[in-house]
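In: Dropping a prediction and its sequence here:
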Amino acid sequence: MLELAHDPAGYQPYYNFQAKLVPYELLQSEEMFERLKDKNWRAGILKMDPYTCYNWHTDDDRKVSINLLLEHGQSHTVFGAVDNPNFKIEELVYKPHTYYLLNVTKPHMVLNLDKERYILSVEFL
């Protein structure tokens with residue numbers, strides 16, 4: 001999957017990221033995707049440049065996503081109740097080779113520091 005992520009061909013602008021679709025054939029051998037075979041979904045790799053921030057937002061077109069962090073240097077994904085200038089946040093600390101189901105209707109942001117960040121993201125259509 002990292003070979004596909006590192007190949008610059010096929011990336012297109014997608015919600016303030018660079019993204020490329022991942023062919024189903026590359027995922028079908030994984031158990032999680034086998035369980036999703038009757039659902040309407042697509043998977044893509046989202047690339048984020050070093051020293052960039054995807055500011056506080058909620059996703060408009062989806063309620064949940066399944067994410068797997070493929071590669072990064074220092075990056076932080078945080079969720080919070082952005083209701084005043086000083087609020088509590090909760091960081092999602094990705095563990096290697098672990099998929100996360102995210103409620104992306106809640107305010108969240110990504111701060112990416114020293115390296116390109118690649119994440120596999122699954123959205124339901």
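Out: Good, I have the coordinates. Numbering: from 1, shown residues only.
In: Met32 contacts Tyr99, doesn't it?
Out: Yes: look at Met32 against Tyr99 with CB atoms under 8 Å: they come within range, at 6.0 Å. In this view, the C-beta of every residue, glycine as well, is placed from N, C-alpha and C.
In: which residues do these two both contact?
Out: Residues touching both Met32 and Tyr99 (CB atoms under 8 Å, 6 or more residues apart in numbering): Ile66.
In: So those two - more neighbours on which side?
Out: Ranked by neighbour count (other CB atoms under 10 Å), Met32 and Tyr99 place Tyr99 first, with 15 against 11.
In: Was I right to think that one contacts Asn67?
Out: Yes: shown here, Tyr99 and Asn67 form a contact pair, counting by CB under 8 Å, at 7.1 Å.
In: Next one: the closest residue to Asp49 other than its chain neighbours, what pLDDT does it get?
Out: In this structure, Asp49 finds its nearest non-sequential neighbour in Glu116, 6.3 Å apart by CB to CB, 6 or more residues apart in numbering. At Glu116, the pLDDT value in this model is 97.
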